[in-house]
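A.B. asks: Okay, predicted coordinates and the sequence, questions at the end:
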Amino acid sequence: TPPAPPSLRNLLLAPHRYAFAAGTGLLLLVSLGWALWLAAPLAGLSPRSALPPTMAHGFIFGAAFIPLFITGFIHTAGPRWLDVQPMTARQLRWPVRLHVAGIALLVAGAVAGAALAAFGALLLAMALTATGASLGALLRASRVRDRLHMRCVLAFWIGGIAAALLLAAGLATNHPIAAGVAAWLLIFGCVAPI
């Protein structure tokens, strides 16, 4: 049979399709935003930022797309590794939507104000928590002997949740050091180890 024509409905056929599409969209969004930021002085503009640009860059690029790629992969391959019922993309709709909304608000807040960015970080923490809960459910349902890899993924994923919460708290209370530590924790306590 010939392949089905491209359709947004096809994104819901597997968790990795849905999460990878959202991650790719965020990669394009944040890359375009950063490119415009860097090109603005060439056009004689002086962009203003509510957040330190390097901190915003580090956290937003680390949190925008890579966790969604991890989410899609783990929720597609994880059930096979753990010998449990496969997940559907529909089960990831709300965590992925919250993730996208959180990053969009972080990007907007980097320019508009720390309060908006803090709310975005809080939405991101909620999204990561929901995704972590589904990973925990897969682990609890599994009876295979070797679950070490998924346990490690979940442990480092919790580091990502902590990073998003720390960023939200740092932005809400005007503690730039906490926000900077959050970016470091996200990269080295979650994304890189996974």
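C.D. replies: Structure's in. What do you need? Numbering: from 1, shown residues only.
A.B. asks: mind listing what Ala164 touches?
C.D. replies: Neighbouring residues of Ala164 by C-beta atoms under 8 Å, 6 or more residues apart in numbering: Ala63, Gly102, Ala121, Leu122, Leu124, Ala125, Leu128, Ala182, Leu186. Using the backbone N, CA and C atoms, a C-beta is placed for each residue, glycine as well.
A.B. asks: same thing but 6 Å
C.D. replies: By C-beta atoms under 6 Å, 6 or more residues apart in numbering, Ala164 lies in contact with Ala121, Leu124, Ala125, Leu128.
A.B. asks: Mind listing what's buried along the strand or helix carrying the last one?
C.D. replies: Spelled out, it's Leu128. When secondary structure is defined using DSSP states H and E, the element that contains Leu128 is helix 114-141. Within helix 114-141, the residues that qualify as buried by neighbour count (16 or more other C-beta atoms under 10 Å) are 114, 116-132, 134-135, 138-139.
A.B. asks: List the buried residues for whichever helix or strand comes after that helix?
C.D. replies: The first helix or strand that comes after helix 114-141 along the chain, using DSSP H and E, is helix 148-172. Within helix 148-172, the residues scored as buried using 16+ other C-beta under 10 Å are 150, 153-154, 156-172.
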